[in-house]
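S.K.: how would this look folded up:
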Amino acid sequence: MIHYICDRCKRQINTNEQPRYVVQIEIHSMADEVTLDIDDDIDQLSELHQALEGLACDHLDDEPELDHRGSYDLCADCHRQFLRNPLGRDAVAAFGFSNN
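M.R.: Numbering: from 1, shown residues only. Purely as a prediction, here's the structure:
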């Protein structure tokens, strides 16, 4: 028998008694669009070549790829909580800091 653990609360999920929910998340980094200021006096191919070179160099200097794909098991309780607040915004707002 396969045993499943909720990735959120770490409780065992007994699939004979309760459903197991699977959340699949894909995160992709999105590059900004390239905009070109094209004048009649400037060689358009040269301008495009410079813009593409800049993109290639910027990409090499960045951190490793931040794309992510994951699959997570949730119990019924965590599934309901996830549907109410998928980005966890309430947890961030719950922190209170003094006005020093």
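
S.K.: So Met30 versus Cys78, what's the distance?
M.R.: Distance of Met30 to Cys78, given as CB to CB, to the nearest Å: 29 Å. Placement of C-beta: from N, CA and C, glycine included.

S.K.: pLDDT weak spots in the chain?
M.R.: 31-43, 54-65, 90-98, 100 (pLDDT under 70).

S.K.: for this structure, what spans make up the helices?
M.R.: Taking DSSP state H to define them, one finds helices in the chain at 44-61, 76-84, 89-93.

S.K.: Which one of Met30 and Cys78 is surrounded by more residues?
M.R.: Neighbour totals were compared for Met30 and Cys78, and Cys78 leads with 20 against 5 (other CB atoms under 10 Å).

S.K.: how about the residue nearest to the more buried one when sequence neighbours are not counted, what does it touch?
M.R.: Closest residue to Cys78 apart from its sequence neighbours, by CB to CB, 6 or more residues apart in numbering: Arg8 at 4.1 Å. Neighbour list for Arg8: 72, 74-75, 78, 81-82 [criterion: CB atoms under 8 Å, 6 or more residues apart in numbering].

S.K.: And the furthest pair within the residues you listed?
M.R.: Using CB to CB, the pair of those lying farthest apart is Tyr72 and Gln81, separated by 13.0 Å.

S.K.: ok so, going back, quick one, phi/psi of the residue nearest to Cys78?
M.R.: With angles defined as degrees, to the nearest 10, Arg8 sits at phi -100, psi -50.
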